[in-house]
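Trainee: Here is a sequence with its predicted model. Questions after.
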Amino acid sequence: MSVAEAPGRSDHSGRGSAFSGATAGDELTIVEPLIFERSRPERRAVRFPAASEAARRAATAQPELPASVRRAAAPRLPEVSELELLRHYNRLAHLNHAIDLGFYPLGSCTMKYNPKVNEWSARLPGLAESHPLDPEPLSQGSLELMWLLAELLKEVSGFPAVSLQPAAGAHGELTGLLMARAFHRSNGEGEQRTKVLVPDSAHGTNPATATMVGYQAVTIRSNERGGIDLAELREALGPDVAALMITNPSTLGIFEDQIDQVVAAVREAGAIAYMDGANLNAILGRFRPGHAGFDVMHFNLHKTFSTPHGGGGPGAGPVGVSERLAPFLPTPIPTLVAGDPAVVRANAWAGHSTEGARFALDADRPHSIGKVRSCYGNFGMFVRAYTYIRSNGSEGLRTISNDAVLAANYLRVRLRDAYDLPYDRISKHEVVFSGRRQKREHGVTTLDIAKAILDHGIHPPTIYFPLIVEEALMVEPTETESLETLDTFVEVMEGIAALAASDPAAVKRAPTTTPVGRLDEAAAARRPDLRYAFDGDPAAGAAGTDMPASPAAPSEAPTA
Ligand SMILES: Cc1ncc(COP(=O)(O)O)c(C=O)c1O
């Protein structure tokens, strides 16, 4: 069921308000007409001056477009004033939950607050207006910033070399495994090493990446404490294994306390030790994967260094590598070609550039796997991450991890009576509860609990992930939330657990205060009907716009 078809929220014509009518409960909902419904002929947000005579002459001098690609009629755009436009999109924006509006404990995603100073620096004209194809002499500031960020990432992770290029965490994984493959090929073992071992507590992108690169992903079970089963790992390691990809801390929020033995076993087998470092926010200043013997790790700048979550937009997932993988890094790499690195770094930390220092892009890397991203990556993200690291400093980064871990453990202890906790150990940045008791005893599922949380203005935790926890509720509070916010969350969660016992149907009715109730989320995401049917159009959702028709949202799809 699509948004337009949600019961009680639309007239089914495709012409109704995006969000109108009553929700499943009786609460008032926000009614915001579609922008087309606000449209009035000739109303304008902007009026352009008439074209000058010279412009008109220039236009008529152009060759005419062939009739086949010319519009027969003007596009039917909404005609609204600037104020109406502004209010409309502001109202819609307020229908979304956001970290700037409320608590967002979405485990694994680390919805941490993005400090506004990051945006300030990303907007500085010298950075914002630089172009990736500017010649090197004109790009010295941008190159310096990238070199310095890479230096900081080396310092944080303990790896001797870093590439900033990958555009997301999963893209960093791909880059890492492509380098692992290049390494094995360079040793004549490319054919023989066909498997990548992945613990069952890994992030889902790990086995997906291994498969994309052409490896067979082999699952290694966790032990009863949520760590890797060392015996099973040793048994699986052999001359056919290319790499181990371990998420550490894992998706259970647990630090792998046998990590030294894990890395030793992998290296002994001649395989590459890959650490998914997306959860580095939990261990900043406490554990350096490069020093622990890992060969490669990706950073998630959005999870650790507060760049915005891409949502499909630009992201960054740099990779750090050991000496033996460094030759295979993507090219080019921002490099310091004149100047003493120690002096340049020291000056930068003191707040100024170094006289005579010169930076360049090193593309002369014969063993490189090549480019994985156009130009040098998503530069705006580098500016934000650099700002975040510099504005916190090394002590600040340690405090971030301490606070993130403290907040997760506070919730672990406060909520472990209300919900089952399959792995009741000191956690790192996140804690995974189970709603299995509520399901077994009252028929209230984790999905019902998540929907009930929405009625309290809080974004639900991640649910049904990791897969090894039945009815999983994965909570990641992050370091920025106040004690009062955490206490409110505890009260909400305890309240829902109590309601599940006393009135399960009430939990199953949730949410009752949101603009729309329960949707078929898969259909809403995969088959959204976003077309507007104008007066005179044959049918809602059919012809009438320039967009191709797509299959109607199925009504048989189950609603959650
Ligand atoms: C542990 C872990 N690994 C990998 C990823 C994938 O990162 P991205 O979403 O940037 O591709 C994530 C994303 O949150 C993650 O939490």
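Mentor: Here it is on my side, so go on. Owing to the predicted nature of the structure, the values given are computational and were not obtained by experimental measurement. Numbers count the residues shown, from 1 in each chain.

Trainee: Could you find the closest non-adjacent residue to residue 398?
Mentor: residue 285 (3.7 Å; Cβ to Cβ, 6 or more residues apart in numbering). The way it works is simple: take the backbone N, C-alpha and C, and place the C-beta from them, glycine included.

Trainee: State the distance from that neighbour to residue 376.
Mentor: Distance, residue 285 to residue 376, by Cβ to Cβ, to the nearest Å: 27 Å.

Trainee: Residue 259 too?
Mentor: For residue 259 relative to residue 376 (Cβ to Cβ), the value is 32 Å.

Trainee: contacting residues for the nearest residue in space to residue 259 that is not next to it in sequence?
Mentor: Once flanking residues are discounted, residue 259 sits nearest to residue 292: 6.1 Å by Cβ to Cβ, 6+ apart. By Cβ atoms under 8 Å, 6 or more residues apart in numbering, the residues touching residue 292 are 158, 259, 260, 263.

Trainee: tell me the secondary structure for residue 292?
Mentor: Each residue gets one of three states, and residue 292 gets coil by DSSP: H, G, I helix; E, B strand; the rest coil.

Trainee: residues from this protein in reach of the ligand?
Mentor: 108-109, 168-170, 203, 205, 247, 276, 278-279, 300, 303, 315, 317 (Cβ under 6 Å from any ligand atom).

Trainee: could you pull out the strands for the chain?
Mentor: In the chain, the strands defined using DSSP state E lie at 161-163, 195-199, 216-220, 241-247, 272-277, 296-299, 319-321, 333-338, 358-362, 431-434, 462-463, 472-475.

Trainee: so where is the chain shaky, pLDDT-wise?
Mentor: Within the chain, the segments meeting pLDDT under 70 span 1-30, 310-312, 538-560.

Trainee: Please work out which residue of it is closest to the ligand.
Mentor: residue 169 (2.3 Å; Cβ to the nearest ligand atom).

Trainee: and that residue, how many neighbours?
Mentor: 26 (other Cβ atoms under 10 Å).

Trainee: hang on, isn't it packed against residue 278?
Mentor: Yes - under the criterion of Cβ atoms under 8 Å, residue 169 makes contact with residue 278 at 4.9 Å.

Trainee: joint contacts of these two?
Mentor: Looking at what touches both residue 169 and residue 278 (by Cβ under 8 Å, 6+ apart), the common residues are 298, 299, 300, 303.

Trainee: Which one (most neighbours) among the residues you listed?
Mentor: When neighbours are counted by other Cβ under 10 Å, residue 298 leads the shared contacts of residue 169 and residue 278 with 29 neighbours.

Trainee: which residues touch it?
Mentor: Contacts of residue 298 (Cβ under 8 Å, 6+ apart): 166, 169, 172-173, 175-176, 276-278, 317-320.

Trainee: ok, now with 6 Å
Mentor: Contacts of residue 298 were listed using Cβ atoms under 6 Å, 6 or more residues apart in numbering, and they are 169, 172, 173, 277, 317, 319.

Trainee: and residue 528, how many neighbours does it have?
Mentor: The burial count for residue 528: 13, using other Cβ under 10 Å.

Trainee: cool, and residue 168?
Mentor: 21.

Trainee: Wait, it touches residue 315, no?
Mentor: Yes - if you go by Cβ atoms under 6 Å, residue 168 and residue 315 touch, sitting 4.4 Å apart.

Trainee: how close does residue 52 sit to residue 65?
Mentor: 22 Å.

Trainee: just residue 525 next, same as before
Mentor: 37 Å.

Trainee: again, but for residue 372
Mentor: Counting by Cβ to Cβ - residue 372 and residue 65 are separated by 38 Å.

Trainee: Compare those two and say which is more crowded by neighbours.
Mentor: A count of neighbours by other Cβ under 10 Å puts residue 372 above the other of residue 372 and residue 65, at 22 against 9.

Trainee: Disregarding residues adjacent in the polypeptide, which is nearest to residue 467?
Mentor: residue 200 (7.4 Å).

Trainee: count of neighbours near the one you found?
Mentor: Other residues close to residue 200 by other Cβ under 10 Å number 17.

Trainee: ok, it touching residue 219?
Mentor: Yes - here residue 200 reaches residue 219: they are 5.3 Å apart, a contact under Cβ under 6 Å.

Trainee: ok, back up a step: let me know the closest of the residues of the chain next to the ligand to residue 35.
Mentor: Distances from residue 35 to those, taken as Cβ to Cβ, are shortest for residue 315 (29.0 Å).

Trainee: residues in contact with the closest one?
Mentor: Contacts of residue 315 by Cβ under 6 Å, 6+ apart are 167, 168.

Trainee: State the distance from it to residue 146.
Mentor: Separation of residue 315 from residue 146 (Cβ to Cβ) stands at 16 Å.

Trainee: Same check on residue 274?
Mentor: The gap separating residue 274 from residue 146 is 24 Å, by Cβ to Cβ.

Trainee: ok, now residue 185?
Mentor: For residue 185, the distance to residue 146 equals 29 Å [Cβ to Cβ].

Trainee: And residue 370, by the same measure?
Mentor: 19 Å.

Trainee: So between those two, which is more surrounded?
Mentor: Neighbours were counted for residue 370 and for residue 146 using other Cβ under 10 Å; residue 146 has more, 25 against 10.

Trainee: List the contacts of that one.
Mentor: Residue 146 neighbours (Cβ under 6 Å, 6+ apart): 164, 334, 382.

Trainee: Apart from its neighbours in sequence, what residue is nearest the second one?
Mentor: If I follow you right, that is residue 334. In space, and not counting its chain neighbours, residue 334 is closest to residue 146: 4.1 Å by Cβ to Cβ, 6+ apart.

Trainee: what's the neighbour count on the nearest residue to residue 286 once chain neighbours are set aside?
Mentor: Setting aside the residues directly before and after it, residue 286 is nearest to residue 401 in space (Cβ to Cβ, 6+ apart), at 6.4 Å. Residue 401 has 21 neighbours, counted by other Cβ under 10 Å.

Trainee: Can you list the helices and strands that the longest helix along the chain packs against?
Mentor: In the chain, taking DSSP state H as the definition, the longest helix is helix 379-415. Here helix 379-415 touches helix 116-122, helix 140-157, strand 431-434, helix 483-502, going by 3 or more Cβ pairs under 6 Å, 6 or more residues apart in numbering; DSSP states H and E.

Trainee: for those, which one ends up most surrounded?
Mentor: Mean neighbour count (mean count of other Cβ atoms under 10 Å) peaks for strand 431-434 among the helices and strands packed on helix 379-415, with a mean of 26.

Trainee: who's in contact with the residue nearest to residue 274 when sequence neighbours are not counted?
Mentor: Spatially, and ignoring its direct neighbours in sequence, residue 274 is nearest to residue 245 (4.4 Å; Cβ to Cβ, 6+ apart). Residues in contact with residue 245, defined by Cβ under 6 Å, 6+ apart, are 196, 198, 206, 274.

Trainee: neighbours of the spatially closest residue to residue 511 that is not a sequence neighbour, just the number please.
Mentor: Once flanking residues are discounted, residue 511 sits nearest to residue 454: 4.1 Å by Cβ to Cβ, 6+ apart. Using other Cβ under 10 Å, residue 454 is surrounded by 17 other residues.

Trainee: Distance-wise, check residue 454 relative to residue 518.
Mentor: Relative to residue 518, and taking Cβ to Cβ, residue 454 is found at 10 Å.

Trainee: Residue 492 now?
Mentor: 19 Å.

Trainee: re the thing from before, for residue 75, which of the strands of the chain is the nearest?
Mentor: strand 462-463 (40.4 Å).
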